[in-house]
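Asker: Would you be able to build a 3D model of this:
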Amino acid sequence: MPLRDSQLHEWYRWFHQHPEPSYAEVETTAKITGILRNHGVTILDTGLSTGLVAQIQGTRTAVGVESAGTTCRHVVALRGDIDALPIQEQTGLSYASLNPGYLHGCGHDFNLMVALAAALELQEKRDEFAGTVKVIFQPAEEVAATKDTPTGAVAVLRTGVLDDVEAFFGTHDSNALEPGRIGISAGPVSGAVDKFSITITGQGSHAAHPDAGRSPIRPLIALAQGLESLASLDLDPTHPRVVSITHVEAGSTWNVIPDKAFIEGTVRTAYPEDRRILHDRIRSLTSGVADAWSVTADFHWDYGSPAVVNDANWAQVAEQAAREAGLEPQSSPVTLGGEDFSYYLDHAPGVFLHIGVGNADRPMHGPTFYPQLDALAPAGRTLSTLALLALRKLRNQDDAALESR
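Answerer: Modelled structure (predicted):
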């Protein structure tokens, strides 16, 4: 029996009221688990402490050339993220956060509900399709990833339960689009997230005698001026990218030239070749400035999540799914913000969709943001329809390959 919108909204409100930070989504995971099990959905053994991967196995036999009556081996995956942000809610909603200091201010409560609605619809329709759909309820998309605490997508992929997935599909809400619209684009839709940090070491001295030392501040200023101009060099002018300096530090008093200065920031790129070029250019600039000013410079580059690059073929399939679900496709809002869905697309091709939820006057990642809930049910239908169309496309490719032999 199809889920009523009122039931989806009730669950959504519960998740909105119970936001939890990255890798601490205990109640969220338990609530998702309970809903799925009550509807007979299989939950895979992943070993994850929070988050989970569900599986819906189609029971229809595959019918095709030389394969009548066999089980379809194809596997696709759907993803929703589940963690919240450390923000005190100021929405004024009757179902506002009950966890002080935390808010689903980026709409991950909406994203997980889209995935949940899709999973339950697929469970109801499992006798209508052949193949397997895995549904990822991913923790820690917002985490500041380190070697010891990787981003949630990496943690899920490391479990191995997605090794057989041939295509990944995910959604995120967008306040840049109104309900009824969905952003779908081929190519890059979010940026690679990289961090650079540079420590310049000179020789300190009294401010009255700069000749007695080698100031690290003057090369730092030269470096700061040069860094942000690098984004305009040697790169295709149509490619989105930015170099932003976010932290500069040197000295501790007014009359002493320090021996060290520090600068750090972030590089955001949409294309892998630009990522490589800017890394090499920043390292070369750092070395050149250090030599010119007779100081040393310790350069560090931390690679974050890569850019989300949508597959053109799957984007076309997604447009079909959206129209069948009653949504109007348009180009995705392009951002250089990071999104760890990119790690799934490094494993297999797919597409990342942006669901219009309105409230453009309420900035995402802000204390007043929430999505308009009339966008929820159509988004769930889009994601489940996309899974079914994808399995059909993979099966048709098999048949075409056999016929061409």
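
Asker: where does this structure dip in pLDDT?
Answerer: 1-2, 62-71, 147, 405 (pLDDT under 70).

Asker: Now do the buried residues in the helix ranked longest in it.
Answerer: Taking DSSP state H as the criterion, the chain has its longest helix at helix 376-403. Within helix 376-403, the residues scored as buried using 16 or more other CB atoms under 10 Å are 376-395, 398. Heads up, the C-betas are built off the backbone N, CA and C, glycines and all.

Asker: Please parse the chain into its domains.
Answerer: Here the domain parsing of the chain from automatic domain parsing is 5-190+306-403, 192-303.

Asker: looking at the ones you listed, which is buried most?
Answerer: Greatest average neighbour count among these goes to domain 5-190+306-403 (a mean of 20), per mean count of other CB atoms under 10 Å.

Asker: Next, the distance between the ends of that domain.
Answerer: This stretch, domain 5-190+306-403, spans 44 Å end to end (CA to CA, to the nearest Å).

Asker: quick one, helices of this protein?
Answerer: 5-17, 26-38, 108-124, 152-158, 217-227, 272-292, 312-324, 342-347, 376-403.

Asker: Distance to Gly265 added to these, as JSON lines?
Answerer: Listed next are the helices of the chain as JSON lines, based on distance: least, CB to CB, whole Å:
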{"stretch": "helix 5-17", "distance to Gly265": "34"}
{"stretch": "helix 26-38", "distance to Gly265": "33"}
{"stretch": "helix 108-124", "distance to Gly265": "27"}
{"stretch": "helix 152-158", "distance to Gly265": "23"}
{"stretch": "helix 217-227", "distance to Gly265": "7"}
{"stretch": "helix 272-292", "distance to Gly265": "9"}
{"stretch": "helix 312-324", "distance to Gly265": "32"}
{"stretch": "helix 342-347", "distance to Gly265": "21"}
{"stretch": "helix 376-403", "distance to Gly265": "35"}
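
Asker: list the contacts for Ile263?
Answerer: Each residue near Ile263 by CB atoms under 8 Å, 6 or more residues apart in numbering is listed here: 197-198, 200, 220, 223-224, 227, 245, 247-249.

Asker: One more: Ala117?
Answerer: Here Ala117 is in contact with 3, 8, 376-377, 379-381, 383-384 (criterion: CB under 8 Å, 6+ apart).

Asker: how about a cut-off of 10 Å?
Answerer: Contacts for Ala117 (CB atoms under 10 Å, 6 or more residues apart in numbering) come out as 3, 5, 7-8, 11-12, 80, 376-384.

Asker: Would you check how far apart it and Ile35 are?
Answerer: Separation of Ala117 from Ile35 (CB to CB, to the nearest Å): 10 Å.

Asker: Which neighbours do the two have in common?
Answerer: 7, 11.

Asker: And the strands in the stretch 51-200 of the chain?
Answerer: 52-57, 75-81, 132-138, 167-174, 181-183, 187-188, 192-201 (DSSP state E, counting those that start in this stretch).

Asker: among these, which is nearest Thr149?
Answerer: strand 132-138 (14.2 Å; CB to CB).

Asker: and that closest one, what does it pack onto?
Answerer: helix 26-38, strand 42-43, strand 52-57, strand 75-81, helix 108-124, helix 152-158, strand 167-174, helix 376-403 (3 or more CB pairs under 10 Å, 6 or more residues apart in numbering; DSSP states H and E).
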